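Q: Sequence first, then the predicted structure:
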Amino acid sequence: MGPKSILESKWLQEIFILIFSFLLFTVNDWIFITGWRSFLTGTVYFFILYSHAQINRFFVLPILLKEHKPYLYFLLTATLLFVFSILLYEVSTELLYKNCFLYKSSYQKTYHFQLGTLLGTLICILGSIQILEHYREQKMKTSKELLHNQAQLNVLRAQLNPHFLFNTFNTLYGVSLQYPERASELIMQVSKLMRYQVENSTKEFIPIDDEIDFISSYVELERERVGYRCRITYSHQTDNGNYKIAPMLLITFIENAFKHGACSIEECFVNIDIKVEKGTLNMQIRNSIPEKKKKVISTKIGLKNTIESLKIIYPNKHHLDSFADGAEYIVNLKIELEP
């Protein structure tokens, strides 16, 4: 039972606060406790202090936190302090201290001493409780956000996977029309891509080298389809770091480059450059914007979902910039990878 258990368990917190406040507000009097009678006397004294704090916590504090009436809260708190200081004075003077020297000086038998002790106990107990409750609420809020983000990410991936599947089969169809004798070889290549997609799309992170190998296979497939009429350059470079990346994030931008950059019979190009250095991935994609291009049917689901996934998986750890510059379209993506 360590600090983490106490922070996460409400009942352990209550026990911890009870023991902590008991020791704190009786530690100055332990030297006077010489037997069970003195111990029970000190326990009764603390029980009155603790009861006052709990009454404020459950009946008065909600007026401030839930009803937002600070003036009424402070008025009731002052009234409770006044009533309990009189009660504590009478009990301690007539019962507790009468036959037990459980105090150091006569000042401990005054009203203002009891008032100060009550106020100190109230601040100690309520402050500790509010800090721990705030911790629990923040952790619960964070857990709910994580669950929501994970559910949202699962939905996005469920939409993205068929999108990649459709695009890949369209590529296979185009290649089979141009080179029917290579259809069987290309089907095997597509099956490898599909296997990778099925096995890794549900994983949170995968090695960056695996993702780059997957992209390389896809680029080679596209080279078979449009390489005879489209200038394709592809380069990748990684350092020796063992970095990981969320799967199937980069492929959408590459798909779009081929879809829109190689959709005409005129001269076109697709340039892809991926670099991983010191834990940061930089990808630049440039593709031509043909003056006369075929009509491309696109729902933009894949791109939209990928952008949303980046926001969820890499909040404040990525930068995406895409724009048209003359006759070419440029995408710059920077991601701080997981080690």
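A: Arrived safely, thanks for sending.

Q: residues touching Ile55, list them.
A: Going by CB atoms under 8 Å, 6 or more residues apart in numbering, Ile55 touches Leu80. (Each C-beta comes from the backbone N, C-alpha and C, glycine too.)

Q: Report pLDDT for it.
A: Here the pLDDT value assigned to Ile55 is 89.

Q: Phi, psi for it please.
A: Geometry field for Ile55 lists phi and psi as phi -60, psi -40, criterion degrees, to the nearest 10.

Q: and what of Leu80?
A: Backbone torsions of Leu80, given as degrees, to the nearest 10, read phi -60, psi -40.

Q: which residues touch it?
A: Shown in contact with Leu80 (CB under 8 Å, 6+ apart): His52, Ile55, Asn56, Val60.

Q: and the third one, how far is that from Pro70?
A: Asn56 sits 14 Å away from Pro70, going by CB to CB, to the nearest Å.

Q: okay, these two: which has more neighbours?
A: Set Asn56 next to Pro70 and count neighbours by other CB atoms under 10 Å: Asn56 wins out with 20 against 10.

Q: Next one: the more buried one from Ile131, what distance?
A: Using CB to CB, Asn56 is found at 16 Å from Ile131.

Q: Need the three-state assignment for Leu249.
A: Leu249 falls in the coil class when you classify it by DSSP: H, G, I helix; E, B strand; the rest coil.

Q: Now that it has come up, it's in contact with Glu308, right?
A: No - in this structure, Leu249 is not within contact of Glu308 by CB atoms under 8 Å, at 11.0 Å.

Q: So these two - more neighbours on which side?
A: Leu249 (21 against 16).

Q: give the contact list for that one.
A: Taking CB under 8 Å, 6+ apart, we find Leu249 in contact with Thr306, Ser309, Leu310, Ile313, Ile335.

Q: Okay, and which of those map to helices?
A: Judged by DSSP state H, the contacts of Leu249 include Thr306, Ser309, Leu310, Ile313 as members of helices.

Q: And the closest residue to Ser288 other than its chain neighbours, how close does it get to His52?
A: Spatial nearest neighbour of Ser288, chain neighbours left out: Cys268 (4.3 Å); criterion: CB to CB, 6 or more residues apart in numbering. Remark: distance between Cys268 and His52 (CB to CB) = 81 Å.

Q: what's the answer for Leu303, then?
A: Leu303 sits 62 Å away from His52, going by CB to CB.

Q: For the stretch 1-150 of the chain, which segments are assigned as helices?
A: 3-8, 10-26, 36-55, 61-65, 70-91, 111-178 (DSSP state H, counting those that start in this stretch).

Q: Comparing those, which yields the minimum mean pLDDT?
A: If you rank those by mean pLDDT, helix 3-8 sits at the bottom with a mean of 56.

Q: quick one on the thing from earlier: more neighbours: which of Leu303 and His52?
A: Shown here are Leu303 and His52; by other CB under 10 Å, His52 has more neighbours (23 against 18).

Q: Contacts only, for the closest residue to the more buried one other than its chain neighbours.
A: Nearest residue to His52, sequence neighbours excluded (CB to CB, 6+ apart): Phe84, at 4.5 Å. For Phe84, the contacting residues are Ile48, His52, Gln114, Leu118, by CB under 8 Å, 6+ apart.

Q: thinking Leu72 is in contact with Pro62, fair?
A: No - the pair Leu72 / Pro62 is not scored as a contact, 11.1 Å apart, by CB under 8 Å.

Q: and the ones in helices among the contacts of Leu249, which are buried?
A: In those, burial by neighbour count holds for Thr306, Ser309, Leu310, Ile313, counting by 16 or more other CB atoms under 10 Å.

Q: so the second one makes contact with Ala246?
A: Yes - Ser309 is within contact range of Ala246, at 7.0 Å (criterion: CB under 8 Å).

Q: who touches both of these two?
A: Common contacts of Ser309 and Ala246, defined by CB under 8 Å, 6+ apart, are absent altogether.

Q: What separation is there between Thr110 and Glu181?
A: From Thr110 to Glu181 the distance is 105 Å (CB to CB).

Q: and those two? which has more neighbours close in?
A: Ranked by neighbour count (other CB under 10 Å), Thr110 and Glu181 place Thr110 first, with 14 against 7.

Q: Alright, that wraps it up for me.
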